[in-house]
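S.K.: Fold the following for me, if possible:
(chains A and B)
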Amino acid sequence: MAEMRAGPAPYIYVCTRMRVRKSKLLPKEEYLRMLNMSLPEITRSIEELEYKREIDELSASFHGIDLIEIALSWNLAKEYQAIIAITPGTLKAFTQAYLRRWDIQNILTILRGKRQGLKPGKIKEILIPAGELDRVFLDRLLIEDSPERIVEALKGKKLYPVVVKEFPAAVQSNSLSHMENELYKDFYQNLISDANAMKGGKLFLNYIRLDIDITNIKNLFRLRMDTFEEDAREMMIPGGTFTVEELQKLHSIPDQNEFIDALMARVRVKTLLAVLDTLRGDKPIREIEIDLIRVQIEQMEKMAKLNPFSIHPILVYLEKKKYEVFNLRAIARGKESKLPTDRIKGYLVM
Amino acid sequence: MPAEIVAAITDIELMKASQIGMKGIAAALAVGLTGLGTGVAEMAIGSAAVGATAENKDIFGLALLFTVIPETIVIFGLVVALLVLFS
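M.R.: Numbering: from 1, shown residues only, chains lettered A, B, ... in the order given. So this is what the prediction gives:
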């Protein structure tokens, strides 16, 4: 358990609140019901849930799919900020560190949007200000004209050293993907050092390792789907159970079955072993990713049961809430694009 | 009165007073320790109950009921203390 100067009461309070909130998340049946609805029906249905305030607030300015998307993003950001406000002591620091990943996503979205010449209002619709960079700061970045000025505006923020180092190369190569990899690597390294530096960080470290492992395995599967050979070291995040060299070795195994066998020989998590065994066939990458996400959430739930008053119940809720928003967005987007129900269902994490 | 008898009576009175004192200490310990036990138990239940009620106000009654269940421990302590003092 993390540092407890005021006794365990604040931890029990927050973890119980997270558990109650988790129990209010949508069950599988609700998603299946929504899959048979039209877009206005889905909007009405969402309005009856936790998203009422956002839908009411935004319904004057937006409608249809835009209304749903922005309401979902706002709700997610608001929820995350509310959680930071109620978490005590080191749990707050851990939660803030975890939520910094949204900063990376927001900055990359702004830079990509600017490069494609999108209007600030359009970019703003897809930002989720859940991290350290709040809505006001992101608005300030959005009105900047050039990407260079956006990079300069980040001065003093945690992301700045990596962005300023990688940005010239990204402009030259006309691709932000290398910078994105470096930002995520730096993010995970910061998480690990934060967890090591603070009392009670061991449990947080367990989660970080799991997250890094699942992300690396997902990346390995993604790279295998690509036809061109590539050095996997660049994409892999150090700090997990696997070293980068080991991951490169796994990547270089050409046969899918042999690759899965080698991976299974190194993995200890039972649920992950069971899922890896089912991935031998020609499964689409999206399904593989969703299977792996499910394993991650299941494993996190187990950790939360083992350590009921730690960072784990909070992280489980944050992750599950994120996937609820992703699912609702996938259903709404799918319905808008008139995709068949089965196809949309394949994109849901249930 | 002979000096031996006076000494014996004084001893008996001292013993009685000491017994009353010991009873008082026993009663205090019975109530005090069970009170501490109740406090420790209620701390966890109470904070969980407040957390749950903050999210869902409908369960206030049930949460309150769960919070006061450890009160039984201090009531047992009180009963034991009364028995010690007045039996």
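S.K.: Show me the domain layout of chain A.
M.R.: Under the assignment automatic domain parsing, the domains of chain A span A:9-99+A:176-345, A:101-157.
S.K.: for A:V151, what are its contacts?
M.R.: Applying CB atoms under 8 Å, 6 or more residues apart in numbering or on different chains, one finds that A:V151 lies in contact with A:160, A:163-164, A:167. (C-beta placed from N, C-alpha, C; glycine too.)
S.K.: Mean pLDDT added to the domains of chain A, as CSV?
M.R.: Conversion of the domains of chain A to CSV gives the following (pLDDT from 0 to 100):
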stretch, mean pLDDT
domain A:9-99+A:176-345, 87
domain A:101-157, 86
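S.K.: Switch those over to CSV; also include distance to B:L36.
M.R.: Supplementary listing: the domains of chain A in CSV, determined by distance: least, CB to CB, whole Å:
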stretch, distance to B:L36
domain A:9-99+A:176-345, 16
domain A:101-157, 43
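S.K.: follow-up on the earlier one: closest to B:A27 among the contacts of A:V151?
M.R.: Nearest to B:A27 among the contacts of A:V151: A:Y160, at 66.9 Å, using CB to CB.
S.K.: That closest one against A:I150, yeah?
M.R.: No: with contact taken as CB atoms under 8 Å, A:Y160 and A:I150 are classed as non-touching, separated by 11.2 Å.
S.K.: Which one's more surrounded, those two?
M.R.: A:I150 (20 against 14; other CB atoms under 10 Å in any protein chain shown).
S.K.: of all the residues in chain A, which ones are close to chain B?
M.R.: Contacts of chain A with chain B, taken as CB under 8 Å from any CB of the partner chain, map to A:7-10, A:12-17, A:20-21, A:24.
S.K.: From the residues you listed, keep the buried residues only.
M.R.: A residue is treated as buried here by neighbour count (16 or more other CB atoms under 10 Å in any protein chain shown); on that basis the buried members of these are A:9-10, A:12-17, A:20-21.
S.K.: burial count for the closest residue to A:E166 other than its chain neighbours?
M.R.: By the measure of CB to CB, 6 or more residues apart in numbering or on different chains, the closest residue to A:E166 outside its immediate chain neighbours is A:M179, 3.9 Å from it. A count of nearby residues for A:M179, using other CB under 10 Å, gives 23.
S.K.: do the same with B:V40
M.R.: Under the criterion other CB under 10 Å, the count of neighbours that B:V40 has is 12.
S.K.: could you check the distance from it over to chain A?
M.R.: Using CB to the nearest CB, to the nearest Å, we find B:V40 at a distance of 10 Å from chain A.
S.K.: so that residue is in which element?
M.R.: Taking DSSP states H and E as the criterion, the element that holds B:V40 is helix B:3-55.
S.K.: mind listing what's buried in stretch A:176-184?
M.R.: With burial defined by 16+ other CB under 10 Å, the residues of stretch A:176-184 counted as buried are A:176, A:179-184.
S.K.: just checking, A:S73 touches A:V325?
M.R.: Yes: with contact defined as CB under 8 Å, A:S73 reaches A:V325; the gap is 7.5 Å.
S.K.: which non-adjacent residue is nearest residue 71?
M.R.: You didn't pick a chain, so chain A it is. Counting by CB to CB, 6+ apart, A:E54 is the residue found nearest to A:A71 once chain neighbours are left out, at 3.9 Å.
S.K.: nope, chain B please
M.R.: Take B:E71 and drop its neighbours on the chain: the residue closest to it by CB to CB, 6+ apart is B:T38, 6.1 Å away.
S.K.: Please verify my assumption that A:I70 contacts A:I55.
M.R.: No: with contacts counted by CB under 8 Å, A:I70 stays clear of A:I55, the gap being 9.5 Å.
S.K.: Fine by me, we can end here.
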